[in-house]
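Student: Using only what follows, build the 3D model:
(3 chains)
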Amino acid sequence: MAEKKSIKQSYSQKEHSFFQDVFDVVIQIPKGRVTTYGAIAKFLGTKMSARMVGWAMNASHTSSLKIPAQRVVNRNGVLTGKSHFATPTLMEELLKKDGLSVKNDTVVDFKTVLWDPAIELSL
DNA sequence: CGTGTGACCGGCG
DNA sequence: ACGCCGGCCACAC
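Tutor: Down below sits the predicted model:
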């Protein structure tokens, strides 16, 4: 409500964009952990619009920062965005380098390695 | 300024 | 259990 005004001000003062928010969260994902689009969306307040998060990731390549997009999967732990990487296997390779196990385009023990910003960053 | 699109999610048949 | 459908918000054309 009132916060909306502040947000709008931020938009005017800085080049703040939805992408920047998403990137900021994704970058904070610890190595060996993954999160979901919905979790990020919820953390940002747009819980019902997890699509925006995914779309923001699509623009990750526009950012000069390194966005570990491989650590962001859908609620099933499936590497839905792997097709958007340079190569279809790149996402899986990156996750394996993080020490995770990927089988059939799905993160093994996904629920165990799940890193929810709404919880972890809320401590 | 209107319309379409999207790396999703939750609910319902 | 599986499949389909609507919703939701930001950004590009």
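
Student: so where do the helices sit in chain A?
Tutor: For chain A, applying DSSP state H gives helices covering A:2-13, A:18-27, A:37-44, A:50-58, A:90-97, A:110-113, A:117-120.

Student: Just say which of those helices is most tucked in.
Tutor: helix A:37-44 (a mean of 22; mean count of other C-beta atoms under 10 Å). To be clear about C-beta, it is placed using only N, CA and C from the backbone, and glycine gets the same treatment.

Student: Output that helix as CSV, restricted to C-alpha atoms.
Tutor: Coordinates of each C-alpha in helix A:37-44 appear next as CSV, following Å, rounded to 0.1, in the frame of the first residue of the first chain:
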residue,chain,number,x,y,z
TYR,A,37,10.8,-19.6,-9.2
GLY,A,38,7.8,-19.6,-6.8
ALA,A,39,10.0,-19.2,-3.8
ILE,A,40,11.7,-16.2,-5.3
ALA,A,41,8.4,-14.7,-6.5
LYS,A,42,7.0,-15.1,-3.1
PHE,A,43,10.0,-13.5,-1.5
LEU,A,44,9.7,-10.5,-3.9
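
Student: Please list the residues of chain A that sit near DNA strand C.
Tutor: By C-beta under 7 Å from any atom of the strand, the part of chain A that sits against DNA strand C consists of A:Ser17, A:Phe18, A:Phe19, A:Thr46, A:Met48, A:Ser49, A:Ala50, A:Arg51, A:Met52, A:Trp55, A:Ala59.
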